[in-house]
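1. sequence and predicted structure, then a few things I'm wondering about:
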Amino acid sequence: MEPPSRHAGTDIIIEDARWRASVSDLERTIRRALTASTRQGGPDFSQVPAPSIVLSADRVVKRLNARFRGRNKPTNVLTFEPLSPLHGGDIVLGFETVTREAQTAGRSVRAHLSHLVVHGALHLAGYDHHHPGEAREMESVETRTMRSLGFADPWRQGGSVRI
């Protein structure tokens with residue numbers, strides 16, 4: 001049995017019931033990913049508020065992506081910075097894109113969801129991937145984090161999925 005997570009207070013909002021059918025122990029999976037990201041250089045959620053995790057559908061993510069990024073298409077994960085010091089930010093995931101990418105890459109939905117939660121948490125810690133050096137650093141932290149969770153390197157397993 002794992003020790004209690006520091007992320008027990010993380011709001012996990014399940015807008016699309018298909019998430020539950022695709023990943024058993026969904027909340028535990030998300031909290032483990034957040035804890036692992038903290039241990040590998042992500043935000044220390046004992047010092048800052050934890051993000052809300054929103055498990056939604058592609059239509060919602062598409063609307064948010066168009067409104068806030070000017071891209072009128074769904075994506076796997078969107079990360080929104082905290083609105084105030086009392087807010088931890090938001091990580092929003094689109095069901096159809098996440099499950100399709102997991103299948104294409106030959107990994108479980110649990111593994112891909114974990115990777116995307118880690119990815120979002122690292123964005124909240126200031127990591128980015130716009131330039132090659134930044135991308136290598138972020139991918140290295142993601143790989144270490146995923147291995148600490150018992151998953152393979154997300155950038156090598158069955159083909160990579162660009163985020």
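-> Right, received. Where do you want to start?
2. how about the spatially most central residue of the chain, nearest residue that isn't a chain neighbour?
-> For the chain, the residue nearest the mean C-alpha position is residue 117 (1.6 Å; C-alpha atoms, centre = their mean). The shortest distance from residue 117 to any non-neighbouring residue, by C-beta to C-beta, 6 or more residues apart in numbering, is to residue 33 (4.0 Å). The C-beta positions use only the backbone N, C-alpha and C, and glycine is treated the same way.
3. and the helices in the chain, which stretches?
-> Using DSSP state H, the helices of the chain run over residues 18-22, 26-39, 58-69, 95-105, 109-124, 132-148.
4. return the most buried member of those.
-> helix 109-124 (a mean of 25; mean count of other C-beta atoms under 10 Å).
5. now the angle between helix 95-105 and that one, please.
-> Interaxial angle, helix 109-124 versus helix 95-105 (axes from the mean of the first three to the mean of the last three C-alpha atoms, to 10 degrees): 110 degrees.
6. so where's the chain shaky on pLDDT?
-> 1-9, 157-163 (pLDDT under 70).
7. distance of residue 93 relative to residue 24?
-> 17 Å (C-beta to C-beta, to the nearest Å).
8. the more surrounded of the two?
-> Between residue 93 and residue 24, counting by other C-beta atoms under 10 Å, residue 93 is the more crowded of the two (27 against 9).
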